[in-house]
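Participant: return a 3D structure for these sequence lines:
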Amino acid sequence: VQLQASGGGLAQAGGSLRLSCTASGRIFSIHTMNWYRQGPGKQRELVAGYTSGGGNTNYADSVKGRFTISRDNVTNTVYLQMTSLKPEDTAVYYCNFDLKRHLFAAISSYWGQGTLVTVSS
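Facilitator: Numbers count the residues shown, from 1 in each chain. Modelled structure (predicted):
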């Protein structure tokens, strides 16, 4: 299984960017889909995600009302729409899926390669 993230880049404060992440390979079921980020000198943190079962979403307090997570179950893709960007949103953003590769497999965690978001003031 591979996760391919894209959509990062440079934005001005107040601007918008949309990240996407698609999982490919043998996938039986996806249990959670998340976006994390790691800013300069900071620990990796959860930004937004779908909970197990996919029914609910959760967001870090710092992005509530500005970021929106969405997904396409047909293409195994998760998106992160980021608006009203702030310089403190500058980070490498990683997608993360917890999934099963086949019916009898354990749930395993997979990570994308990271995409850099830089927000200038």
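
Participant: how close does the closest residue in space to residue 69 that isn't next to it in sequence get to residue 101?
Facilitator: Distances taken as C-beta to C-beta, 6 or more residues apart in numbering place residue 48 nearest to residue 69, at 4.1 Å, with adjacent residues excluded. Every residue, glycine included, has its C-beta placed from N, CA and C. Using C-beta to C-beta, to the nearest Å, residue 48 is found at 24 Å from residue 101.

Participant: then residue 1?
Facilitator: Here the criterion is C-beta to C-beta. By it, residue 1 lies 6 Å from residue 101.

Participant: circling back to that earlier point, how much space between the residue nearest to residue 69 and residue 84?
Facilitator: 15 Å.

Participant: more crowded one of those two?
Facilitator: A direct count of neighbours by other C-beta atoms under 10 Å for residue 48 and residue 84 places residue 48 higher, at 23 against 13.

Participant: helices or strands next to the host helix or strand of that one in the packing?
Facilitator: When secondary structure is defined using DSSP states H and E, the element that contains residue 48 is strand 45-50. Secondary-structure packing of strand 45-50 (3 or more C-beta pairs under 8 Å, 6 or more residues apart in numbering; DSSP states H and E): strand 29-38, strand 57-59, strand 67-72, strand 77-82.

Participant: which SS class is the residue lying farthest from the centre of the chain?
Facilitator: Among the C-alpha atoms of the chain, the one most distant from their mean position (C-alpha atoms, centre = their mean) is that of residue 104, at 26.4 Å. Remark: residue 104 carries the secondary structure label coil [criterion: DSSP: H, G, I helix; E, B strand; the rest coil].

Participant: need the contact list for it.
Facilitator: Taking C-beta atoms under 8 Å, 6 or more residues apart in numbering, we find residue 104 in contact with no residue.

Participant: how close does it get to residue 28?
Facilitator: Plainly put, residue 104 is 9 Å away from residue 28 if you go by C-beta to C-beta.

Participant: just so I know, which of the helices and strands packed on strand 45-50 lies nearest residue 111?
Facilitator: The minimum distance between residue 111 and the helices and strands packed on strand 45-50 falls on strand 29-38, with 8.4 Å, by C-beta to C-beta.
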